[in-house]
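Engineer: Let me see the structure of the following:
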Amino acid sequence: MTSAVNFSLFYAIMNSSARKIFNSHFTDEKYQQFLNSLNEGLREPIAFRVAETPVFLTADFRDKLISAGNNIIDTILQPNFKVLTERAIPANWKVANENDHPHFIALDFGVCRDASGNIVPKLIELQGFPSLYGFQATLADKYRDNFDVPAGQTAYFSGLDKPAYINLLKKTILGNHQPEEVVLMDVDAPHQKTAVDFYLTQRYIGTPVVSLSDLEQHGKKLFYRQNGETKPIKRIYNRLIFDEIANDPHIFDKVVDVRQSLDVEWITHPNWFYRVSKFTMPFLKSEYIPETQFLHQLNTIPPDLENYVLKPLFSFAGQGVIIDVAKNDIDNIKDPDNWILQQKVNYEPVVKSPDGNVKVEIRLLYLWPDGDKSPTLAINLARLSRGKMIGVRYNQDFDWVGGTIAFMPIGEIRA
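Structural biologist: Residues are numbered from 1 along each chain as shown. Here you go, the predicted model:
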């Protein structure tokens, strides 16, 4: 049975009245109707699981998230940040013509219990790379259309509403260019699990969706074909992660080598994927950051390794992570400069489902258009999990898990 103190912790993070209303009106029929409305008009059905429910945050936990994010953004804004993170970029994936800042920043926080028993956000991962910026705006609308989301709740930050958010997204992606001059590019865009986001972004902004193999090079300029017509590319809204093509050493014999100096702008430049990443975590210090060290700088192996997780720097989507660390695992690492040892965080199941509580991870999504001095916290993404880790492969046999979004009270921020 849940203790009184656990109930008080639950109320500190989750909006209990909103949750009670939502759960009392939830039906499987409503959920199916919601999924149908999400898939309506799409080229293909959504390729990942969308959860039965949004997350409802209290103002207090919202403010903790904002404060935690501000601390990390301050580090990225340091004048020496590029110097600190130069080693983060693998030599074989370094791309020419890097710009001054990432246009997109995503910060993943687990809803966790700290050593004192308090429910707090703890940074899990971060990336200088786009996320589901188009899909999340649509997802918020569909939850509101199909379920009981109380008035006075928003999925947006910084005083934005949906029109202002779309305008900021458009400003970030397009800059001074026309939509047809900016392409959203991935290795095989139509068949990515996140393709729904690509085509919703195209619907909102007008940017064509292309694959890496669609790029044509003439001199230093890039082009793509649309309806038989060759069109110039001024900007690439980059969704390509080099890890996805790393298994093909001859990839750039078959397609344009995008690492070379080209007459094109990157949104966001691929180097920022590595600079703002797990590599950044040892440089971050706050109550919301788990203790993290580069493995090659580890002087003493902690005696309580069960409280740590071992992560490769150059992987994504949780690949290669060792959760139950033993000394032998550390001894067997051949390239310790490419690994971090991170203090484990304890996810606290705080979302009430019909059959037990569910763990939560919340991703803060920032937009940083050219000309702005700093990024703007714009929207969020949330994920629900019952498995050992957050992510699809760890939650395949459960319900009330998957991608979702957090709603929070509209009002004054006290962070």
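
Engineer: Number of residues surrounding the closest residue in space to A59 that isn't next to it in sequence?
Structural biologist: Distances taken as Cβ to Cβ, 6 or more residues apart in numbering place P409 nearest to A59, at 4.8 Å, with adjacent residues excluded. Just so you know, the C-beta spots here come from the backbone N, C-alpha and C atoms, and that holds for glycine as well. Using other Cβ atoms under 10 Å, P409 has 17 neighbouring residues.

Engineer: Report the contact partners of P409.
Structural biologist: Counting by Cβ atoms under 8 Å, 6 or more residues apart in numbering, P409 touches N15, L57, T58, A59, R62, G152, Q153, T154.

Engineer: Phi and psi next, for it.
Structural biologist: Per-residue torsions, P409: phi -60, psi 140 (degrees, to the nearest 10).

Engineer: Now do it, the pLDDT please.
Structural biologist: Predicted confidence (pLDDT) for P409: 94.

Engineer: Report the beta-bridge partners for it.
Structural biologist: Applying DSSP bridges to P409 gives these bridge partners: Q153.

Engineer: Quick check: it vs A155, distance?
Structural biologist: Distance of P409 to A155, given as Cβ to Cβ, to the nearest Å: 12 Å.

Engineer: and the contacts of P409, which are buried?
Structural biologist: N15, L57, T58, R62, Q153, T154 (16 or more other Cβ atoms under 10 Å).

Engineer: which ones are touching the fifth one?
Structural biologist: By Cβ under 8 Å, 6+ apart, Q153 lies in contact with A18, F56, F407, M408, P409, I410.

Engineer: ok, so of the buried ones among the contacts of P409, who is nearest I362?
Structural biologist: L57 (8.0 Å; Cβ to Cβ).

Engineer: number of nearby residues for the closest residue to that closest one other than its chain neighbours?
Structural biologist: Once flanking residues are discounted, L57 sits nearest to M408: 4.2 Å by Cβ to Cβ, 6+ apart. Taking other Cβ under 10 Å as the criterion, the count of residues near M408 is 25.

Engineer: Would you mind writing the CA trace of the helix or strand encompassing P121 as PDB?
Structural biologist: Taking DSSP states H and E as the criterion, the element that holds P121 is strand 119-127. In PDB, the C-alpha atoms belonging to strand 119-127 read as follows (Å, rounded to 0.1, in the frame of the first residue of the first chain):
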ATOM      1  CA  ILE A 119      10.700  14.000  -6.300                       C
ATOM      2  CA  VAL A 120      12.900  16.000  -8.600                       C
ATOM      3  CA  PRO A 121      13.900  16.100 -12.300                       C
ATOM      4  CA  LYS A 122      17.200  14.500 -13.000                       C
ATOM      5  CA  LEU A 123      19.000  14.900 -16.300                       C
ATOM      6  CA  ILE A 124      19.300  11.600 -18.200                       C
ATOM      7  CA  GLU A 125      20.600  12.800 -21.600                       C
ATOM      8  CA  LEU A 126      20.900  15.900 -23.800                       C
ATOM      9  CA  GLN A 127      21.300  16.500 -27.500                       C
END
